[in-house]
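Using only what follows, build the 3D model:
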Amino acid sequence: MNKEILKEGFKTLCTAKAMTKLYEDNFKVVSKYVHATSRGHEAIQIAAGMQLLPQDYAYPYYRDDAMLLSFGLQPYDLMLQLLAKKDDPFSGGRTYYSHPSLRDDDKPKIPHQSSATGMQAIPATGAAMGLHYRESGSLFMKRAESSTSISDFKERDSHFRGNSIVLCSLGDASVTEGEIAEAFQMAALKQLPILYLVQDNGWDISANAEETRAQDAFEYAKGFKGLEAISIDGANFTESYQALEKVIKTIREERRPFLVHAKVPLLNHHTSGVRMEWYRDDLEEAKSRDPYPVLKNQLLENGFTIAEAEFIEQEAITKVQQDFEKALNAQDPKPEDLFTHDFAPTPIVEEQGERAPKGAEKVVMVDCALFAIEEIMTKHKECLLYGQDVGGRLGGVFREAATLAQKFGDERVFNTPIQEAFIVGSTVGMSAVGLKPIVEVQFADYIWPGLNQLFTEVSRSCYLSNGKWPVSMILRVPIGAYGSGGPYHSSSVESIVTNIRGIKIAYPSNGADLKGLMKAAYYDPNPVVILEHKGLYWSKVEGTKGATSVEPAEDYILPFGKAWVLQEIWKQEHVETITIVTYGMGVHWAYNASGALDMRDQIEIIDLRTLFPLDEATIMASVKKTGKCLVVTEEPSNNSFARALAGKIQEECFKFLDAPVMTIGSENMPAIPLNSILEQTMIPSMEKVKAKILELLSY
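Numbering: from 1, shown residues only. Take a look at the predicted model:
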């Protein structure tokens, strides 16, 4: 082994070890916030961290503080997070110790990730998938500093001695997670440049491997053809460094995935809140595999003296103590710091372009979306489209991606397996490497496996990275009941999605709005969910011709948070008036009901267009003018977005109201039945909205 590598590795190990001891010695101070340390895992972490380069992407997990030190971070940096200080370089005091996110020029890039066990594997694999496509030669990258071609990118990479790779660090217990299988499957299928580094200490929390695992990660990886795996002694620095050196060189050159299973002891608590002495029966055996004396002996065997080794160790202890005292005195966040970086600023704040070009023909809603994506992909080569069945053979089950694969190729428009978690979560990594993915969940009913990633990874990345890693993506979700779709193809899910903070949500009622919002979503640096009602796609449902539109021009953009008063009335003192607030299919029920009642002069209809951000100003102004309000939704109304909105309206407009704010939605049953009679009985209709309007007007 190179003596300088050994010296650097030993210095970093001593620093991590000293930090663990200092935390234990100052337990009452540092245990205010939960933390875990790398004690016992240091050798493999440092061996990996020392070999990553600034163009690489790393996804460390919550025990990887030694790896972070090997990237060049100082104990002080980590302690600022330990103590949740304002200048915590990762999150500004928002998230736990060793939950890093970093975008420094001279260090590996660390996108945000949660500590939900194993969930980092999908975003990490998404980053590797992004690198794969970025290197394909078919993409033209738009980077913040300039427009850079693939050849320029590779030339820049050569400066760092090789192509970028992704490192995803995992505990062995997390490999039992289903989302790990999705990540491994895609890495093997696409042959992605990713290293899964699995640190196996034999424990989950209090459950050990014998209780919870049929096989270890090395054995498990054998089931994934194309994912090569090795198993090593992760407590031996020299063995770890040399093994990883070969693996990383292979990934850089051959662009294929590896799994390294590293056996390590856990020499400290699971976390500061779960003490090892409460349940561990193997502590003496674990101490016999301590990586510290092994590396110290390797240092001595390579010509270092005992005095030199002890000097390195004492220097590390002194540094850790000094940094801790400095961190204790660092500034805490201020209350107002809570309200920053929930979203990255968007450049789209006003309606732009031509909504209804002269001479343009009316088109159905699904085509407006299709044409919008075609225009985006033509102009922006960093845009990719993927999901189930969107590829060339079918072009989406609703033909919403028809012809796109033929026009842009299988590299940019491609099918995925039945993996909603991967479809959603991979966008985090794709965005991190500079791509803009548009992905699709085939039906709203299928979004549930993807909610884990949408909530924990996609929505929180900007906020918990203190603005460093907003996730730029669009998730298309066909939604709603149409044509006897039955219980697995008819659901409305907006109440679930609107309860996920950190994402923007559109729910258009017509093609022009869909196209304009799709363009706004593309230029927005934040995650966007677009809910697209299947029953409006072709306007085949009676009463939905209004969903067809003159196709807006290519330059048309409709900002989020701007409701449309599609039927405006004036304030009337001696006539009962009402505001209907709705979205999606509800817009058509409301409009047709007002016409059937011959009350277009008495009923103001507000089409929300976006559920977040919500145009509260337009809503409240209308309700204060009319004095009565009905919120129309397709969802079952109990505990719904609509009911919450009704409550907000009642709170804001109480002294202007002549009646309680009412809602109408589907019947509150567990699912929409297949039978068409039962389906129609369950969901709203124009006739049901008419009856509710009359009830409210007569109140």
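
For the stretch 351-500 of the chain, which segments are assigned as strands?
Assigned strands in the stretch 351-500 of the chain, in chain order: 362-363, 383-387, 413-415, 436-440, 473-479 (criterion: DSSP state E, counting those that start in this stretch).

Out of the ones you listed, which is closest to Lys222?
Shortest separation from Lys222 across these is recorded for strand 413-415, at 26.0 Å, computed as C-beta to C-beta. C-betas here are computed from N, CA, C, even on glycine.

who's in contact with the closest one?
Here strand 413-415 makes contact (C-beta atoms under 8 Å, 6 or more residues apart in numbering) with 377, 384-392, 401, 404-405.

As JSON lines, these with distance to Arg255 and pLDDT would be great.
Output for those, formatted as JSON lines (distance: C-beta to C-beta, whole Å; pLDDT from 0 to 100):
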{"residue": "Met377", "distance to Arg255": "25", "pLDDT": "95"}
{"residue": "Leu384", "distance to Arg255": "18", "pLDDT": "95"}
{"residue": "Leu385", "distance to Arg255": "23", "pLDDT": "94"}
{"residue": "Tyr386", "distance to Arg255": "19", "pLDDT": "95"}
{"residue": "Gly387", "distance to Arg255": "24", "pLDDT": "93"}
{"residue": "Gln388", "distance to Arg255": "26", "pLDDT": "92"}
{"residue": "Asp389", "distance to Arg255": "27", "pLDDT": "90"}
{"residue": "Val390", "distance to Arg255": "25", "pLDDT": "89"}
{"residue": "Gly391", "distance to Arg255": "22", "pLDDT": "86"}
{"residue": "Gly392", "distance to Arg255": "24", "pLDDT": "81"}
{"residue": "Ala401", "distance to Arg255": "28", "pLDDT": "82"}
{"residue": "Leu404", "distance to Arg255": "26", "pLDDT": "91"}
{"residue": "Ala405", "distance to Arg255": "23", "pLDDT": "87"}
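
Tell me where the model's unsure across the chain.
Of all residues in the chain, those with pLDDT under 70 make up the ranges 137-162.

Need the residue closest to the centroid of it.
Of all residues in the chain, the one closest to the mean position by C-alpha atoms, centre = their mean is Val458, 1.5 Å from it.

Include distance to Thr15 and mean neighbour count when you put the strands of the stretch 351-500 of the chain into TSV, please.
Output for these, formatted as TSV (distance: least, C-beta to C-beta, whole Å; neighbours: other C-beta atoms under 10 Å):
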stretch	distance to Thr15	mean neighbour count
strand 362-363	63	16
strand 383-387	41	23
strand 413-415	45	19
strand 436-440	39	25
strand 473-479	38	26
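
I'd like those strands as a markdown table, with distance to Leu53 appended.
Listed next are those as a markdown table, based on distance: least, C-beta to C-beta, whole Å:
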| stretch | distance to Leu53 |
| --- | --- |
| strand 362-363 | 49 |
| strand 383-387 | 25 |
| strand 413-415 | 29 |
| strand 436-440 | 25 |
| strand 473-479 | 26 |
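
Can you say which of the ones you listed is nearest to Leu370?
Closest to Leu370 of the strands of the stretch 351-500 of the chain, according to C-beta to C-beta: strand 362-363, at 9.1 Å.

wait, which of the strands of the stretch 351-500 of the chain is closest to Ala506?
Using C-beta to C-beta as the measure, strand 473-479 is the one of the strands of the stretch 351-500 of the chain that comes nearest Ala506, at 9.4 Å.

Does anything pack onto the closest one? Which helices or strands?
Here strand 473-479 touches helix 420-432, strand 436-440, helix 511-523, strand 527-533, going by 3 or more C-beta pairs under 8 Å, 6 or more residues apart in numbering; DSSP states H and E.

quick one: that strand to chain centroid distance?
Once both centres are worked out by C-alpha atoms, centre = their mean, to the nearest Å, strand 473-479 turns out to sit 13 Å from its chain's centre.

Mind listing the strands that strand pairs with, and their directions?
Strand 473-479 has these partner strands in its sheet, going by DSSP bridges: strand 436-440 (parallel), strand 527-533 (parallel).

contact partners of it?
With C-beta under 8 Å, 6+ apart as the test, strand 473-479 has contacts from 369, 387, 398, 400, 424, 427-428, 430-431, 436-444, 447, 454, 458, 491-494, 507, 518, 521-522, 527-534, 537, 584.

Buried only: go through these for me.
If you count burial by 16 or more other C-beta atoms under 10 Å, the buried members of these come out as 369, 387, 398, 400, 424, 427-428, 430-431, 436-444, 447, 454, 458, 491-494, 507, 518, 521-522, 527-534, 537, 584.

Which residue, neighbours along the chain excluded, lies closest to Leu404?
For Leu404, the nearest residue in space outside its immediate sequence neighbours is Val413; the separation is 4.7 Å by C-beta to C-beta, 6 or more residues apart in numbering.

Redo the strands paired with strand 473-479 as a markdown table? Include distance to Pro345.
Listed next are the strands paired with strand 473-479 as a markdown table, based on distance: least, C-beta to C-beta, whole Å:
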| stretch | distance to Pro345 |
| --- | --- |
| strand 436-440 | 17 |
| strand 527-533 | 15 |
